[in-house]
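[1] Predicted model and sequence follow; I will ask about them next.
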Amino acid sequence: MKNISYIKRGPYQLMVSFSIYINILIDKDINYRGASLSSTGTLTIYEGFLWDGPTGYPFHDNDFMRPSLIHDALYLFIRDGYLSINNRKEADLLFYKLCLEDGMNKWKAMFIYFLIRIVGGYAIENDAGRNGHDLDVMYSPPI
């Protein structure tokens, strides 16, 4: 198991780039907003990537942090149209497996997996189809 290093400043921030092989294979490499996924299945999340930890769960324990980082990067790709919505179940199942690998109790991991399956779709559908390019860029001071 490869560990991650991060700090908490509002959202969590990854301090050292992290790579892991995942079983989501794509035709064309993705490199978007601090993370990349190669056509061979290597997910890389780069130093400086921000994520909110285990969304909706009040306890941000160590057995949650690496899985939540990877899951958030995959949901970012799905939400912004770089991965298919059909990859959501694979992302959720990977989260479950990583929780177990990182020492989470089987029953807690199963509960969280079912919770993600129920409410995770909302997180994606709420922003589905934005494809990053349609995001409003803000400036301060205004230009």
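    Thanks, I have the structure now. In this text, all values refer to a predicted model and were calculated from it rather than measured experimentally.
[2] Ignoring the adjacent residues along the chain, who's closest to the residue most central in space within the chain?
    Nearest to the geometric centre of the chain sits residue 72, at 1.7 Å (Cα atoms, centre = their mean). Of all residues not flanking residue 72 in the chain, residue 51 sits nearest, at 4.1 Å (Cβ to Cβ, 6 or more residues apart in numbering). All C-beta atoms are positioned from the backbone trio N, CA, C, and that covers glycine.
[3] Can you tell me which helices and strands the helix or strand the residue nearest to the centre of the chain falls within packs against?
    For residue 72, the host element (DSSP states H and E) is helix 62-79. Applying 3 or more Cβ pairs under 8 Å, 6 or more residues apart in numbering; DSSP states H and E, one finds that helix 62-79 contacts strand 12-14, strand 30-32, strand 35-37, strand 42-45, strand 50-51, helix 88-101, helix 106-125.
[4] To residue 80, which of the ones you listed lies closest?
    Closest approach to residue 80 among the helices and strands packed on helix 62-79 (Cβ to Cβ): strand 30-32, 6.9 Å.
[5] any chance of the helices and strands packed on helix 62-79 in JSON lines, with mean pLDDT, mean neighbour count and distance to residue 20 too?
    Formatted as JSON lines, the helices and strands packed on helix 62-79 follow (pLDDT from 0 to 100; neighbours: other Cβ atoms under 10 Å; distance: least, Cβ to Cβ, whole Å):
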{"stretch": "strand 12-14", "mean pLDDT": "92", "mean neighbour count": "19", "distance to residue 20": "13"}
{"stretch": "strand 30-32", "mean pLDDT": "97", "mean neighbour count": "15", "distance to residue 20": "15"}
{"stretch": "strand 35-37", "mean pLDDT": "98", "mean neighbour count": "22", "distance to residue 20": "10"}
{"stretch": "strand 42-45", "mean pLDDT": "98", "mean neighbour count": "18", "distance to residue 20": "6"}
{"stretch": "strand 50-51", "mean pLDDT": "92", "mean neighbour count": "18", "distance to residue 20": "15"}
{"stretch": "helix 88-101", "mean pLDDT": "96", "mean neighbour count": "19", "distance to residue 20": "9"}
{"stretch": "helix 106-125", "mean pLDDT": "89", "mean neighbour count": "15", "distance to residue 20": "18"}
